[in-house]
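I'd like to go over a predicted model; first the sequence, then the structure.
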Protein chains: 2
Amino acid sequence: MSERLHDRTRLRPPAPASIGDRVEDVGSPALLVDLDAFDHNLAQMQGLADAGGVALRPHAKAHKSVAVAQRQIAAGAVGICCQKLSEAYPFAAFGIADIHISNEFVGADKLAMAVELARHVNLSICVDDVRQVAAMASAAEAGGVRITVLPEVDVGHGRCGVNSTEALSRLADAIGEAPSLRFGGLQAYHGGAQHLPVWVQRRQAAQRAAEAVDGYVRHLDARGVSCPVITGGGTGTAEFDCQSGVYTEVQPGTYLFLDGHYGASEWLGQFRPRHSLFLSATVMSTARPGVVVCDVGLKSVAVDSGLPRLWSRDRSGWLRYVAANDEHGVLEVLNGDSQALLGSKLLLVPGHCDPTANLHAQFVCLREGRVVGLWEVDARGLSR
Amino acid sequence: MSERLHDRTRLRPPAPASIGDRVEDVGSPALLVDLDAFDHNLAQMQGLADAGGVALRPHAKAHKSVAVAQRQIAAGAVGICCQKLSEAYPFAAFGIADIHISNEFVGADKLAMAVELARHVNLSICVDDVRQVAAMASAAEAGGVRITVLPEVDVGHGRCGVNSTEALSRLADAIGEAPSLRFGGLQAYHGGAQHLPVWVQRRQAAQRAAEAVDGYVRHLDARGVSCPVITGGGTGTAEFDCQSGVYTEVQPGTYLFLDGHYGASEWLGQFRPRHSLFLSATVMSTARPGVVVCDVGLKSVAVDSGLPRLWSRDRSGWLRYVAANDEHGVLEVLNGDSQALLGSKLLLVPGHCDPTANLHAQFVCLREGRVVGLWEVDARGLSR
């Protein structure tokens, strides 16, 4: 069923940009990274972790790029998080030595991936059910590997993770009794807290999460089980988590890029991220009065957390992205001559960076308005 | 900037399935195609086109797969549509000889792609502005190719396309005067009509669109310009367009798959599509009472046209997909023991097939519950 005609043409679409191109000449749609802003965000988050005496383990689900992970580790990160096992493969293949899968999984195909990864990297995984522990213990034993396992505790997000000290104790016991597993500590992520737009509310939610984690840690301590690692947090709460005295490790991802959703949040503390991720767009139709159509639709920008918004400051007052079709973005022209916009290059800020990066093959990296690099999105589409 | 460590490991994530696997053993998330339903849809749409004396030019944006396009052409299609120029490359490379870009474009990078494609395939493109015509004429002349150009007329969708006979005449004249261009006829697509759920309303909208096209055709006829091709339509209106006496060619895409959005429409005519596209999912957390979490989130299923719904008929009454996070799908358990579901394999119907296929590397093809093929999604992510 996979027969196909021979490719005699060697036809391949050209890359969106070449080194030295001006930003205006980058093809569209493409993912653009402003490296000055990226470096600012990278350094500031590492500085917060260092100041708090906390390890930074950035979440690679936000970028899915080995080149980005290498820069995070060069700046001081202890390793990376992945959300899926298949996602970890390109990072493992290119030498990222320490990978935490911050998510549960079930099934023979997944267990086989975990065993294979554990042969190449220092792998840790999450569980919230003793059946997951038993399955991983058997697979690791059969595969001749030892895997670090962290129970996930629900600290307010209400999705995965155990909700009681009894359930946590059962997990810790099961991990402790399995020779092929190693108890790694706790995974504690409060997704809802990340996205509270008001800074003081975010701080309160992070404090409550930290208190909840602390309760679980004390419970295990009292049973003679110490937690080498207490890991969690995201971009929204990382600053508070670093200062909590509870977390030993934080897992932010979006901090590098600051997407439109996080960009609408208040940032009143020490972490002051800048927008570094953009989409290039070209106005390709001006046939309707009052409206123009660009070539960025929902196949090149994720719209789950809001539509992209216009970055170019000179245009943002009179042009507004109002609808995303598959390959079309409709922009309302609030004033001015819409026909004059045909062929205009626009920069858009994506609403949600993680699923947007997942739609592209490369990041086009810019400094001072020129292309200085192309980074592969190595783990694009790896969701198993 | 693109330096990287050497890949010493050759680590690659395994394919989601192997030939001969049972459907229950396919990894998750993966895109599954029920070939019996697929063949039914393929044959029925071709039969409608044949009966109407109309050419079928399926839209490859729905599947982005050379293997699928080859099957469409083997069944009688005259070629394919693509929505973007870069998307056409893998089809051109693997021998699909006739490609219509059903969309406008502007910019030097795009013009260069069109010229390169026109060296390998019979390429047609769309315009709705004389500046697009002038730019394409110059690029085609410089490149030594001749390109077929179809003005797009707006027949009710209100996005791209000209809105007046005057604007259409200017386009036809400009195309006619350019030696490097060939007037190909009209592109007339009413996107909004496709998605009207009530069959008679869809039929009425299709009739109005056909009347609008007919007006433009007569106008050109009166000026001595005949339209070799009048192309448009989609899955929702294809049956009416085939019988319209106006369209010479139809462009449906989703007809192969019938996603959740189209599945909720009435189908009272001769075209009775079946669901052929599914997502495999695995329940990976049952820690919360009343809710289970699966591994299909918005990085593996597009949610712009609604959340995926559960297919497995025995479970659909008591399990409902209620929220998509990046890599998690939250399912409400309406009755029954949620903990017993850990590790359960589910089949989901995606709300919108086009952007969902764009998230995956392969289609896993099934017959009688067994994997019989893997088809590449060759044009995944090609949105330029």
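Sure thing, it's come through. Nothing here was measured: the structure is a model prediction, and the numbers come from that model. Numbering: from 1, shown residues only, chains lettered A, B, ... in the order given.

helices or strands next to the lengthiest strand in chain A in the packing?
For chain A, the strand with the greatest residue count under DSSP state E is strand A:277-285. Packed against strand A:277-285 by the contact rule (3 or more CB pairs under 8 Å, 6 or more residues apart in numbering or on different chains; DSSP states H and E) you find strand A:30-34, strand A:291-294, strand A:345-349, helix A:353-357. All C-beta spots, glycine's among them, are computed from the backbone N, C-alpha and C.

out of the ones you listed, which is the most enclosed?
Looking across the helices and strands packed on strand A:277-285 with neighbours counted as mean count of other CB atoms under 10 Å in any protein chain shown, the highest average goes to helix A:353-357: a mean of 26.

so what touches that helix?
A:31, A:61-65, A:253-254, A:257-259, A:277, A:279, A:300-302, A:304, A:350, A:363, A:377, A:380, B:298-299, B:326 (CB atoms under 8 Å, 6 or more residues apart in numbering or on different chains).

return the subset of those residues lying in strands.
A:31, A:277, A:279, A:363.

which two of those have the greatest separation?
A:279 and A:363 (11.1 Å; CB to CB).

so what sits against both of those two?
With CB under 8 Å, 6+ apart, residue A:279 and residue A:363 have common neighbours A:31, A:32.

ok now the longest strand of chain A, how far from the chain's centre?
Averaging C-alpha coordinates over strand A:277-285 and over its chain gives two centres that are 23 Å apart (CA atoms, centre = their mean, to the nearest Å).

which stretches of the stretch 1-150 of chain A have low pLDDT?
By pLDDT under 70, the low-scoring segments of the stretch 1-150 of chain A are A:1-8.

surely residue A:129 touches residue B:283?
No - if you go by CB atoms under 8 Å, residue A:129 and residue B:283 don't touch, sitting 10.5 Å apart.

residues in contact with residue A:187?
Per CB under 8 Å, 6+ apart, neighbours of residue A:187: A:102, A:126, A:150, A:151, A:152, A:153, A:161, A:231, A:232.

just among the residues you listed, which is most surrounded?
residue A:232 (34 neighbours; other CB atoms under 10 Å in any protein chain shown).

between the ones in strands among the contacts of helix A:353-357, which is closest to residue B:246?
residue A:279 (37.7 Å).

hmm, that closest one is touching residue A:29, no?
Yes - counting by CB under 8 Å, residue A:279 does reach residue A:29; the two are 5.6 Å apart.

shared neighbours of the two, which are they?
A:296, A:300, A:301.

so which of those residues wins on neighbours?
residue A:300 leads the shared contacts of residue A:279 and residue A:29 on contacts (other CB under 10 Å) with 30 neighbours.

which residues does the closest residue to that residue other than its chain neighbours contact?
With sequence-adjacent residues excluded and distances taken as CB to CB, 6 or more residues apart in numbering or on different chains, residue A:300 is closest to residue A:29, at 3.8 Å. Going by CB under 8 Å, 6+ apart, residue A:29 touches A:279, A:280, A:281, A:295, A:296, A:300, A:301, A:360, B:383, B:384.

what pairs with the second one across the strands?
In other words, residue A:280. residue A:30, residue A:347 (DSSP bridges).

where do the helices sit along the stretch 201-350 of chain A?
A:238-242, A:260-263 (DSSP state H, counting those that start in this stretch).

same check, this time on the stretch 51-200 of chain A
Under DSSP H, counting those that start in this stretch, the stretch 51-200 of chain A gives helices at A:66-74, A:85-93, A:108-118, A:130-143, A:165-177, A:191-194, A:199-222.

give me whichever of the ones you listed is most buried.
Comparing the helices of the stretch 51-200 of chain A by mean count of other CB under 10 Å gives helix A:85-93 as most buried, with a mean of 25.

that older thread, okay if I get the shared contacts of residue A:279 and residue A:29 as TSV plus pLDDT?
Below are the shared contacts of residue A:279 and residue A:29 laid out as TSV (pLDDT from 0 to 100):
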residue	pLDDT
A:296	98
A:300	98
A:301	98
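
closest to chain B out of these?
residue A:300 (4.4 Å; CB to the nearest CB).

burial count for the closest residue to chain B within the stretch 251-384 of chain A?
Using CB to the nearest CB, the single residue of the stretch 251-384 of chain A nearest to chain B is residue A:373, 2.5 Å away. Per other CB under 10 Å, the neighbour tally for residue A:373 reads 18.

with residue A:239 instead?
29.

about what we covered before: turn the contacts of residue A:29 into TSV, including distance to residue A:317.
Putting the contacts of residue A:29 into TSV (distance: CB to CB, whole Å) gives the following:
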residue	distance to residue A:317
A:279	20
A:280	20
A:281	17
A:295	22
A:296	20
A:300	24
A:301	21
A:360	28
B:383	28
B:384	28
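
which among those residues gets closest to residue B:36?
Looking across those and measuring by CB to CB, the closest to residue B:36 is residue B:383, at 31.7 Å.

just give the nearest non-adjacent residue to the closest one, would you?
Using CB to CB, 6+ apart and skipping the chain neighbours, the partner closest in space to residue B:383 is residue A:300 (4.4 Å).

for that neighbour, phi and psi?
phi -130, psi 0 (degrees, to the nearest 10).

thought it was touching residue A:359?
Yes - in this structure residue A:300 lies within contact range of residue A:359 using CB under 8 Å: 5.6 Å.

and for these two, which residues touch both?
Common neighbours of residue A:300 and residue A:359 (CB under 8 Å, 6+ apart) are residue B:383.

spit out the contact partners of the spatially most central residue of chain A.
Geometric centre of chain A, nearest residue: residue A:62, 2.0 Å, by CA atoms, centre = their mean. Counting by CB under 8 Å, 6+ apart, residue A:62 touches A:253, A:254, A:256, A:257, A:353, A:354, A:357.

burial count for the third one?
Right, the one you point to is residue A:256. Residue A:256 has 26 nearby residues by other CB under 10 Å.

quick check: it touching residue A:58?
Yes - using CB under 8 Å, residue A:256 is in contact with residue A:58, at 7.5 Å.

quick check: the gap between residue A:46 and chain B.
Distance of residue A:46 to chain B, computed by CB to the nearest CB, to the nearest Å: 19 Å.

so which strand or helix has that residue?
Element membership of residue A:46 [criterion: DSSP states H and E] is helix A:35-52.

what helices and strands are in contact with that helix?
Using 3+ CB pairs under 8 Å, 6+ apart, helix A:35-52 sits against strand A:55-56, helix A:238-242, strand A:362-367.

thinking again about what came up before, distance to chain B for the helices of the stretch 51-200 of chain A - can I get that in TSV?
Output for those, formatted as TSV (distance: least, CB to the nearest CB, whole Å):
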stretch	distance to chain B
helix A:66-74	6
helix A:85-93	4
helix A:108-118	4
helix A:130-143	6
helix A:165-177	8
helix A:191-194	7
helix A:199-222	14
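
about what we covered before: for residue A:237, state which of the shared contacts of residue A:279 and residue A:29 is nearest.
residue A:301 (25.7 Å).
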